[in-house]
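Student: please work out how this folds:
(2 chains)
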Amino acid sequence: MSEALSAVTSDSRRRAPLAHRTAIKAMEGAASMAERAFLGKLVLRVDPAAGDAAVTGIIGVSLPTRACTSTRQGETAILWIGPDEFWIITAPDAQTSLLAGLAEAMAGLRHQLVDVSSYYTAIELAGPRARDMLMKLTTLDLHPRAFGAGQVAGSMFGRTQAVLWQVEADEAEGGPLFRLFVRRSTADYLWCLLAEAGREWGMPRQAPLAGETWQLER
Amino acid sequence: MFLITCPYCGPRDQSEFSNAGEAHIARPTNGEELSDEQWADFVFLRTNPKGLFAERWVHTAGCRRFFNMLRNTATDEILAVYRIGEPRPQVTTAGPVTPSGEAPIGSGNDAVKVMRPGEGTE
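Tutor: Numbers count the residues shown, from 1 in each chain, chains lettered A, B, ... in the order given. Alright, predicted model coming up:
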């Protein structure tokens, strides 16, 4: 999943929110962090009973019916955000044609479809200690029996909001894989906070852009 | 800190939610016929009970949906959570409206309790 860490986009003028950061690793493969820049992200608001046929026809997978879950078809995933709100996550640059196709399939149906690819970025967190790092920042119940592969939850991480999605199961090679979708204005804050949470497993210290210090050292 | 059971997402920490005031306040449909006092009553005046209270909450950090809650404002006990549009559940509050021995008005904090003659004199 995390093969392409460098930003891939057709427009060379685009700059990723965390372009000033490089992928970092804790010691002995305990955890690793990287930005997945420019992923296609669409917000779809629709009554799931009415819109499911159109979505299945275009994406090839139906809307998740259970709360806080996701469905996936290759590179494209549909995340449950609310009872009538879904995020469609897809490969960089793939969202434009997907948006057009969905809009056409949903013509005449009461819905809202918005491209928010540039508004959010994704921080990818992997490794056996990734879950422990997240647990330090949120009140979500992240025990594996409560939060597993495919599950989605919006919550507070530190002082910012983000949507957490577990992509790969804990048993997968390299440990669980999480993606955190965070607004670009608070992405650097969350990046540094995550690195700080991984300090005990050897994550390198990340100095926040704004110059604040976490004051964990005396 | 307490847990709130979002009717869509399940139990989550209070920090994910925002309070949105009293529930079941219907906007008047005959707005042009109302006097200033009646408008002020709709816009500003809310009940502020010590005890059972129906209020709206929004799951800000999660599903971002509004829902209603019946809460005991004196004890923070959450008696029911229900979706917008659903009828208000009939709940029976166990025990007194306020913790035993507490003044019927004023703060629940004993340190700043309003005392009246004859009250709290054990």
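
Student: interface residues of chain A facing chain B?
Tutor: Residues of chain A lying close to chain B by CB under 8 Å from any CB of the partner chain are A:67-68, A:81-83, A:85, A:139-140, A:153-156, A:161. In this view, the C-beta of every residue, glycine as well, is placed from N, C-alpha and C.

Student: and chain B, which residues reach chain A?
Tutor: B:8-10, B:12-13, B:15-16, B:60-65.

Student: tell me the SS of the residue nearest the centre of chain B?
Tutor: With distances taken as CA atoms, centre = their mean, the residue of chain B nearest its centroid is B:Phe53 (3.5 Å). Following DSSP: H, G, I helix; E, B strand; the rest coil, the label given to B:Phe53 is strand.

Student: correct me if wrong: it contacts B:Thr73.
Tutor: Yes: using CB atoms under 8 Å, B:Phe53 is in contact with B:Thr73, at 4.9 Å.

Student: for the chain, just list every one of the strands.
Tutor: Using chain A here. Assigned by DSSP state E, the strands in chain A fall at A:24-25, A:32-36, A:40-46, A:70-73, A:76-82, A:85-90, A:111-115, A:120-126, A:152-157, A:160-168, A:177-183.

Student: I was after chain B.
Tutor: Counting by DSSP E, the strands of chain B are B:3-6, B:10-13, B:18-22, B:52-58, B:66-72, B:78-83.

Student: gap between the third one and the chain center?
Tutor: Using CA atoms, centre = their mean, to the nearest Å, the distance from the centre of strand B:18-22 to the centre of the chain it belongs to is 8 Å.

Student: re earlier: buried members of the residues of chain B next to chain A into ChimeraX, please.
Tutor: Selection of the buried residues among those in ChimeraX, burial being defined by 16 or more other CB atoms under 10 Å in any protein chain shown:
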select /B:8,9,12,13,16,60,61,62,63,65
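
Student: rebuild the residues of chain B next to chain A as TSV, extending it with pLDDT.
Tutor: Output for those, formatted as TSV (pLDDT from 0 to 100):
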residue	pLDDT
B:Tyr8	96
B:Cys9	95
B:Gly10	94
B:Arg12	95
B:Asp13	95
B:Ser15	94
B:Glu16	96
B:Thr60	96
B:Ala61	95
B:Gly62	95
B:Cys63	95
B:Arg64	94
B:Arg65	96
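
Student: ok, back up a step: any idea how far chain A is from the residue nearest to the centre of chain B?
Tutor: B:Phe53 sits at a distance of 24 Å from chain A (criterion: CB to the nearest CB, to the nearest Å).

Student: most packed of the strands of chain B?
Tutor: Comparing those by mean neighbour count (mean count of other CB atoms under 10 Å in any protein chain shown), strand B:66-72 comes out on top with a mean of 20.

Student: elements contacting that strand?
Tutor: strand B:52-58, strand B:78-83 (3 or more CB pairs under 8 Å, 6 or more residues apart in numbering or on different chains; DSSP states H and E).

Student: remind me which residues of chain B are low pLDDT?
Tutor: B:94-122 (pLDDT under 70).

Student: quick one on the thing from earlier: would you list the strands of chain A in CSV and tack on mean neighbour count?
Tutor: Listed next are the strands of chain A as CSV, based on neighbours: other CB atoms under 10 Å in any protein chain shown:
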stretch, mean neighbour count
strand A:24-25, 18
strand A:32-36, 23
strand A:40-46, 20
strand A:70-73, 18
strand A:76-82, 23
strand A:85-90, 22
strand A:111-115, 15
strand A:120-126, 23
strand A:152-157, 24
strand A:160-168, 21
strand A:177-183, 23
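
Student: format those as TSV; extra columns: distance to B:Asn48 and mean pLDDT.
Tutor: Formatted as TSV, these follow (distance: least, CB to CB, whole Å; pLDDT from 0 to 100):
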stretch	distance to B:Asn48	mean pLDDT
strand A:24-25	51	96
strand A:32-36	47	96
strand A:40-46	35	97
strand A:70-73	42	96
strand A:76-82	31	97
strand A:85-90	33	97
strand A:111-115	37	96
strand A:120-126	39	97
strand A:152-157	28	96
strand A:160-168	30	96
strand A:177-183	35	97
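
Student: take the ones you listed and write them to CSV, including distance to B:Gly31.
Tutor: Below are those laid out as CSV (distance: least, CB to CB, whole Å):
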stretch, distance to B:Gly31
strand A:24-25, 58
strand A:32-36, 50
strand A:40-46, 29
strand A:70-73, 44
strand A:76-82, 31
strand A:85-90, 31
strand A:111-115, 29
strand A:120-126, 40
strand A:152-157, 36
strand A:160-168, 36
strand A:177-183, 38
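
Student: good, we can wrap up now.
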